[in-house]
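# Need a 3D model of the sequence below.
(2 chains)
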Protein chains: 2
Amino acid sequence: MSLRPHFGPCPLPIQHYPQVLMAHGSGGRMMHHLIEQMFLATFGNEQTGHHDAACLDLSHPHIAFTTDSYVVSPIFFPGGDIGRMAIYGTVNDLAMAGARPLYLSLSFILEEGLSMETLWQVVQSIRFAANQAQVAIVTGDTKVVERGKCDGLYINTSGIGSIEHAWDISPASIRAGDAILINGDLGRHAIAIMAQREGLAFETTLESDLAPLARAVLALIEAGVEIHCLRDLTRGGLATALNELAQAAHCLVQLGETIPVSESVAGASEILGLDPLYLANEGRFVAFLPPSQVQRAIAILQAVDPDSTPQQIGVVEADLPPSPPPFWVKMHTPFGGNRILDYRNVDGLPRIC
Amino acid sequence: MSLRPHFGPCPLPIQHYPQVLMAHGSGGRMMHHLIEQMFLATFGNEQTGHHDAACLDLSHPHIAFTTDSYVVSPIFFPGGDIGRMAIYGTVNDLAMAGARPLYLSLSFILEEGLSMETLWQVVQSIRFAANQAQVAIVTGDTKVVERGKCDGLYINTSGIGSIEHAWDISPASIRAGDAILINGDLGRHAIAIMAQREGLAFETTLESDLAPLARAVLALIEAGVEIHCLRDLTRGGLATALNELAQAAHCLVQLGETIPVSESVAGASEILGLDPLYLANEGRFVAFLPPSQVQRAIAILQAVDPDSTPQQIGVVEADLPPSPPPFWVKMHTPFGGNRILDYRNVDGLPRIC
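Reported below is the predicted structural model:
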């Protein structure tokens, strides 16, 4: 069960302005009320203020910088919402670079007519997630577009994290023989969204795996586990992520026969005609590391999150790929052969993140 | 005349895919082609790569961080387009904090069906503007939403700049007696957009004042001009910006009788029923500084940009405002009295930035 943000009453007089109006984005008094009474009151800290840029003192000059826009539909889904996603998604991109997430920007594109109560719920959810992930929201922006020119709201968050170690955690560090770990089962996020969208009911409620990953990654780094590369398994899922990494590192990836997928995800995927290997996750990542580090890494990941089920799912082959390589990723089948996992041509679920 | 970006041919086979498809956003092969062949080919540098976060080595640990989403309509307007605006707008927010703009993120929300040629023009325009403003685009994101769920494209840019001086350039530094400078005339951006939107024709083509402001600001700082506060005059225009600053600094602002407005803007404002004092600009800013610094500051601004017309437009009054203050900003009228310039209640032009 994921924790739920607590919703206090909306600080704006929503009996008078129950919906977002164009005037909330056009620089006048209503925009000021929205920013001061809702956004600054919720996120204000010593870095934010009456300036369009936050001034920050970094103690580490080596940083990671990332951005993501979130257009997920529906806005609220089992296990999360666009607000938590906008925080955890960006926090996770920083974590995958081996960085400690510190500061986030928060930019809203709001649709005229959006319920102010909905916006307030999203804002509260963002605060909850930022607290959980220990990041400060230090700068922001608000735009309003006419009815029909967006879909409720879109959010962009950009993030800054500090890299406090000397390793190069990137595809360039992947080595032949590396073990490939995963921190849990696949496909929960995509199936939770699809089920909500299509009105499907399963025997048990399937929740998104949406979660912040920085604590797990920083625990590995602080314990001195030698990590070569990290990647979260968002759009395109495990298979696409491994293709990208293998191609960038110019190596072949061999997956084992068994990839962790829950019964509900497996069942729903069959009904919906989807392949869990390509489904988006929001709390799953792979780590490439020397085989000697696998047991310690698994123990650390389990200690940080007792609900996680970290395990090795594959290796980087010793042989270099032929040139041109016919594929980058393959997977053992129960029949003794291999299945090629290529990029999908036309694929993917829209608006999953 | 503003410089125009040069458009080479689109690197994607637009005869096969003349429009943005949902598949360009869903993590498969088409998204990779778009990112690699259009975005990385255009913006790639040593910091970008096959990672979701850019790793940056900062030489100054004191930084400014800002974000803005751009939803301007129409996408192309006299004197600019959404691409240049997305670069200059964020660069200017950094400059107003007294920072040297260094790194930008670039996040697209694209509408299914957007012409690929249009996207390519915007991308080229972004490259042109980033070169002009001497910033590197180091990380990005692409989302695609269904037809009707956005308006062509929206762009978010977030930016990091280095603060290389020890001054506190912020409303807190505003002092009684400060002179208020402006770097040019008001209202060009808003009127250029409105004219385009409403199909109005003026005797001379009125162009947006869209321009990067960092060079001017850094020239002032490097010359040792004592700057107390800076603010660009975007949404809400001069009057709103001065209200925000005066309120934040708890001081009264007195403007002189004459505020620079071109004849075309004055004429168009009269036709459209708009007040240039509240119109958005994209290349104008105010500087608060001691009266002793005014002449040098004007000389430096003119040296940096010979087309600019910097001048003093007002002062910070010696008297503190009464509590509660009935207003923050007033302006001499030709009749010897004062006009109060308050925040506007319901106002502003939608989708101006």
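
# Looking at chain A, which helix is longest?
Taking DSSP state H as the criterion, chain A has its longest helix at helix A:116-133.

# For chain B, tell me whether it is touching it.
No. Helix A:116-133 does not reach chain B (Cβ under 8 Å from any Cβ of the partner chain); its nearest approach is 14.0 Å. (C-beta placed from N, C-alpha, C; glycine too.)

# Could you identify the helix or strand that succeeds that helix?
Helices and strands here follow DSSP states H and E; after helix A:116-133, the next one along the chain is strand A:136-145.

# Just the buried positions in that next one, please.
Using 16 or more other Cβ atoms under 10 Å in any protein chain shown as the test for burial, strand A:136-145 gives A:136-145.

# hang on, the earlier thing: hmm, who's touching the longest helix of chain A?
A:3-8, A:10-12, A:14, A:17-20, A:38-39, A:42-43, A:75-76, A:81-84, A:86-88, A:91, A:101, A:104, A:106, A:108, A:110, A:136-137, A:152-153, A:155, A:212, A:214 (Cβ atoms under 8 Å, 6 or more residues apart in numbering or on different chains).

# Buried subset of the residues you listed, written for ChimeraX?
Buried subset of the contacts of helix A:116-133, written as a ChimeraX selection, criterion 16+ other Cβ under 10 Å:
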select /A:5,10,11,12,17,19,20,38,39,42,43,75,76,81,82,83,84,86,87,88,91,101,104,106,108,110,136,137,152,153,155,212,214
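
# Keep the contacts of helix A:116-133, but drop any that are not near chain B.
Of these, the ones that also sit near chain B (Cβ under 8 Å from any Cβ) are A:106, A:108.

# What mean pLDDT does stretch A:100-108 get?
Mean per-residue pLDDT for stretch A:100-108: 98.

# Ignoring the adjacent residues along the chain, who's closest to residue A:262?
Of all residues not flanking residue A:262 in the chain, residue A:185 sits nearest, at 5.0 Å (Cβ to Cβ, 6 or more residues apart in numbering or on different chains).

# And the pLDDT at that neighbour?
If you check residue A:185, the pLDDT there is 98.

# again with residue A:47
As predicted, residue A:47 sits at a pLDDT of 69.

# list the buried ones in the longest helix of chain A?
So, applying 16+ other Cβ under 10 Å, buried residues of helix A:116-133: A:116, A:118-130, A:132-133.

# quick one, strands of the stretch 251-353 of chain A?
Assigned by DSSP state E, counting those that start in this stretch, the strands in the stretch 251-353 of chain A fall at A:253-255, A:285-289, A:311-316, A:329-332, A:338-340.

# what do you get for the stretch 101-250 of chain A?
Using DSSP E, counting those that start in this stretch, strands in the stretch 101-250 of chain A cover A:136-145, A:153-162, A:179-182, A:229-232.

# how about JSON lines for those strands, with mean pLDDT added?
As requested, the strands of the stretch 101-250 of chain A are exported to JSON lines (pLDDT from 0 to 100):
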{"stretch": "strand A:136-145", "mean pLDDT": "96"}
{"stretch": "strand A:153-162", "mean pLDDT": "98"}
{"stretch": "strand A:179-182", "mean pLDDT": "98"}
{"stretch": "strand A:229-232", "mean pLDDT": "98"}
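
# As JSON lines, these with distance to residue A:324 would be great.
Below are these laid out as JSON lines (distance: least, Cβ to Cβ, whole Å):
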{"stretch": "strand A:136-145", "distance to residue A:324": "44"}
{"stretch": "strand A:153-162", "distance to residue A:324": "36"}
{"stretch": "strand A:179-182", "distance to residue A:324": "23"}
{"stretch": "strand A:229-232", "distance to residue A:324": "23"}
